[in-house]
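**Q** Kindly return the folded structure for what I paste below:
(chains A, B, C and D)
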There are 2 protein chains.
Amino acid sequence: MMTKYNTVKQAIKSKILDGSYLPNEKISSESELMKEFGVSRHTVRLAIGDMVTEGWLYREQGSGTFCADRTEIDQTISNNSKDIAIITTYISDYIFPSIIRGAEEILSKNGYNVSLFSTNNNHETEKNVLEKILSQNFDGVIVEPTKSAISNPNINYYLNLESQNIPYIMINADYDALEPLSITMDDEKGGFIQTEHLISLGHKNIIGFFKTDDIQGKKRMKGYLKAHRTNQVPINPNNLVSYSTHEKASKTVDELKKLLAKSNGDKPTAIACYNDELAIELLDVLREKNLNVPGDISLVGYDDSFLAKVSEVKLTTVEHPKSVIGQTAAKVILDLIKEKSGNQKKSLDQVKSVVFEPKLVVRNSSKKLNP
Amino acid sequence: MMTKYNTVKQAIKSKILDGSYLPNEKISSESELMKEFGVSRHTVRLAIGDMVTEGWLYREQGSGTFCADRTEIDQTISNNSKDIAIITTYISDYIFPSIIRGAEEILSKNGYNVSLFSTNNNHETEKNVLEKILSQNFDGVIVEPTKSAISNPNINYYLNLESQNIPYIMINADYDALEPLSITMDDEKGGFIQTEHLISLGHKNIIGFFKTDDIQGKKRMKGYLKAHRTNQVPINPNNLVSYSTHEKASKTVDELKKLLAKSNGDKPTAIACYNDELAIELLDVLREKNLNVPGDISLVGYDDSFLAKVSEVKLTTVEHPKSVIGQTAAKVILDLIKEKSGNQKKSLDQVKSVVFEPKLVVRNSSKKLNP
DNA sequence: ATAAATTTGTGCGTATGTATC
DNA sequence: GGATACATACGCACAAATTTA
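**A** Residues are numbered from 1 along each chain as shown, chains lettered A, B, ... in the order given. Take a look at the predicted model:
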């Protein structure tokens, strides 16, 4: 039996198959089809609705109904679940859980599953993870780059994401060569206000500890130096200590002990730390040496993590947007996905990278230098 | 945005997933659904129509609408990607990142993706998460129960996991009625050794703070009481404070202040805490009151989290196997999956629940009572 | 065995909301 | 801002298939 909406379906299908409607071409509007076939709008919508679920057409509110490009259908069929991958260097440490949580919150609200991968800050693992993601059907990827300051051997995999049309964005840092969309904070400015805070308190002999195998550390260090120059405070090269991930446990503690053992005139009166984690570690060393914080020495952390509020001396530190970064990353990746499936041209330039401004959080670990 | 027909869809989906509608069972007629949801027939038909094309339901003219048998669909789709879901109460807080990391490590080594879900310790969210997992193809599920001490309204969903032949295990706690495989620690014994440690140091007036909306807290409290009885130390009922998740911020601090304000003879000399997080919070209160730990009062935590080593007084606490629990859970779920696909009979009884023994970690927050 | 009631299928008219151009 | 197009929602009528009295 031929129902009216089936007649309409057949007629539209014919036009598609004989080439009257080309892929991505707009077909007649619903009211036009009403007149054309002498049926009600309800019937037209029944026909079109069926053909949309069958993959012949797609609709765009406010614009029209279009003929689908059936050559690409194979890619869309396989995946009816919505999945986002998040790659971070570490899963369980420090501020990463907060970032992940922020992203998970937004993504799950929008019906996406979140799959987690960690690289352990290791390029080889990053490679394995990227291969895994490329061989499955993820709708988007959020990446925290591994060792972002070092040239990355896995750039091909990221380019491959692009050619497979899988949107990805980077958080905290980015890989220079790729220029991806990224959600970061202004780490240089963060390092700057961190150090300038100490300078404004009268400190002139400030140790800076920075991890320099990721971009964040390099930028924070740059800010540290800039604060000195801007305020015309001479820099003692011995006061600048850079370390890499695998050295953090030992080198920083050793260097601090060395610097503390100096003769009186040169003694440092303040320390700027790459992050709170390090600050807390160094705080233990200072306690051991019977140095009071902030009485004898001021200490400024970075990230405003839970660690900043946990010790007896609450840390002065720089705010890190943590879960907001996660949330923002989630929103941006959702925009990218939406944009991909919708109309391409107009909105492409509207999704932009985001840079958060750092803010100083003053607590009890820093104070005015005693003259 | 929630449209009316989407609300109806969700409600019907829930009834299918929680077992209210069994496969091939007739669901309410269109006119019944109209009354039930207070919507028009058009809306009901939109919802049902969608779910028919999605494979949840099928219709028979003159007879009714029926629940589809989804057990046979899954096999034909044959997902070749390997996915495990992990459900925890919180993602970013405290010891959970370590647990998740332990599981992720093992699972990713075995080629599985890990998808994360958090319930925020909320049964409603747990329900949504379980519905999501049931409507996709996960190979296994690791669950940290939400409010395990309270009867759980989502038991149907867990039973549905079983009928869909999806293995699941629970960590940290379990739901009494289900008797699932579980990876836990002996929390009663943990509470026991925690308190007995204080008793052995001569303390007799020991406050106990326990969160009692999960099983762990109830067991730890039981251990606290048992330690008193075993050592014939009388229990002052005022010294036992139980609180629930939503009270933790305020009630514990208030109660401690109240107990500290007592007359001299009754003054508590030690505190046993549900976990390190609470211990650190209380430590702040004690500092405020100018009480020295452990000089004036001893403090014992639980979990041996990073928090235990971060303050100036390193906490005496009870070891929690954190990442080992995650790893073990991963191994067990892999065994269950292997068993499911391989030979069934022989090995069924070889996969067993695991209970870890607690161990006391003595640091500086507890010491012998001054006579 | 037949008629009545129930349930889904098809179709029309109308109104309001929202996105796009 | 206004016109156009799709999205959601309500109400009504009749047809076809099935169940039930």
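**Q** Could you point out the longest helix of chain A?
**A** For chain A, the helix reaching the highest residue count under DSSP state H is reported as helix A:322-341.
**Q** just how off-centre is that helix within its chain?
**A** 9 Å (CA atoms, centre = their mean, to the nearest Å).
**Q** next one: stretch A:26-45
**A** 46 Å.
**Q** Same question for stretch A:22-37.
**A** 43 Å.
**Q** can you pull the buried residues of that stretch?
**A** For stretch A:22-37, burial by neighbour count (16 or more other CB atoms under 10 Å in any protein chain shown) applies to A:27-28, A:30, A:33-34, A:37. Backbone N, C-alpha and C define where each C-beta goes, glycine included.
**Q** now do stretch A:290-306
**A** A:293-294, A:297-306.
**Q** Which two among those residues are spaced furthest apart?
**A** Greatest spacing in those, by CB to CB: A:I297 and A:F306 (23.1 Å).
**Q** can you map out the helices along chain A?
**A** Using DSSP H, helices in chain A cover A:4-17, A:30-37, A:41-53, A:73-77, A:96-109, A:123-134, A:155-163, A:187-200, A:215-230, A:248-260, A:276-288, A:322-341.
**Q** Get me the contact residues on the stretch 251-371 of chain A for chain B.
**A** A:280, A:287, A:307, A:310-312, A:323 (CB under 8 Å from any CB of the partner chain).
**Q** Show the buried residues in these.
**A** Counted by 16+ other CB under 10 Å, those give A:280, A:307, A:310-311, A:323 as buried.
**Q** Now the residue of the stretch 201-350 of chain A found nearest chain B. Nearest residue, chain neighbours left out?
**A** Chain B sits closest to A:E312 of the stretch 201-350 of chain A, with a gap of 4.5 Å, by CB to the nearest CB. Nearest residue to A:E312 in three dimensions, chain neighbours excluded: B:E312, at 4.5 Å (CB to CB, 6 or more residues apart in numbering or on different chains).
**Q** wait, the one you found sits on A:S311?
**A** Yes. B:E312 is within contact range of A:S311, at 6.3 Å (criterion: CB atoms under 8 Å).
**Q** How about the contacts made by A:P180?
**A** Contact analysis of A:P180 by CB atoms under 8 Å, 6 or more residues apart in numbering or on different chains lists A:158, A:168-170, A:174.
**Q** repeat that for 7 Å
**A** By CB atoms under 7 Å, 6 or more residues apart in numbering or on different chains, A:P180 lies in contact with A:168-170, A:174.
**Q** any idea which of those has the most stuff around it?
**A** A:M170 (25 neighbours; other CB atoms under 10 Å in any protein chain shown).
**Q** give me the residue from the stretch 51-200 of chain A nearest DNA strand C.
**A** Of all residues in the stretch 51-200 of chain A, A:G62 sits closest to DNA strand C, at 2.4 Å by CB to the nearest atom of the strand.
**Q** so A:V114 bridges to which residues?
**A** Note on A:V114: beta-bridge partners A:I84, B:L116, judged by DSSP bridges.
**Q** What is the burial count for it?
**A** Using other CB under 10 Å, A:V114 has 24 other residues around it.
**Q** Just give me the neighbour total for A:T252.
**A** Neighbour number of A:T252 under other CB under 10 Å is 20.
**Q** ok, now how distant is it from A:N205?
**A** Noted for A:T252: a distance of 18 Å to A:N205, by CB to CB, to the nearest Å.
**Q** same check, this time on A:S366
**A** Counting by CB to CB - A:S366 and A:N205 are separated by 14 Å.
**Q** quick one, which of the two is more surrounded?
**A** Set A:S366 next to A:N205 and count neighbours by other CB under 10 Å: A:S366 wins out with 27 against 19.
**Q** Tell me how far the more buried one lies from DNA strand C.
**A** 49 Å (CB to the nearest atom of the strand, to the nearest Å).
**Q** pretty sure A:Y94 contacts A:Y274?
**A** No. Using CB atoms under 7 Å, A:Y94 makes no contact with A:Y274, being 11.6 Å away.
**Q** higher neighbour count, those two?
**A** Neighbours per residue, other CB under 10 Å: of A:Y94 and A:Y274, the larger number sits with A:Y274, 28 against 18.
**Q** ok, the more buried one touching A:I207?
**A** No. Checked against CB under 7 Å, the pair A:Y274 and A:I207 is beyond contact range at 11.5 Å.
**Q** re earlier: I'd like the buried ones among the residues of the stretch 251-371 of chain A next to chain B written out as JSON lines, with pLDDT added.
**A** Putting those into JSON lines (pLDDT from 0 to 100) gives the following:
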{"residue": "A:I280", "pLDDT": "90"}
{"residue": "A:L307", "pLDDT": "86"}
{"residue": "A:V310", "pLDDT": "80"}
{"residue": "A:S311", "pLDDT": "81"}
{"residue": "A:S323", "pLDDT": "86"}
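**Q** end to end, how far does stretch A:88-104 reach?
**A** Terminal residues of stretch A:88-104 lie 13 Å apart, using CA to CA, to the nearest Å.
**Q** who touches A:R41 in this structure?
**A** Taking CB under 7 Å, 6+ apart, we find A:R41 in contact with A:30, A:34.
**Q** What distance do you get for it to A:L33?
**A** Per CB to CB, A:R41 is found 9 Å from A:L33.
**Q** Same check on A:G111?
**A** If you go by CB to CB, the gap between A:G111 and A:L33 works out to 32 Å.
**Q** try A:K15
**A** Distance from A:K15 to A:L33, by CB to CB: 11 Å.
**Q** what domains does the record give for chain A?
**A** Chain A resolves into domains spanning A:4-69, A:73-185+A:323-356, A:187-320 when parsed by automatic domain parsing.
**Q** Quick check: which of the ones you listed is nearest to DNA strand D?
**A** domain A:4-69 (3.5 Å).
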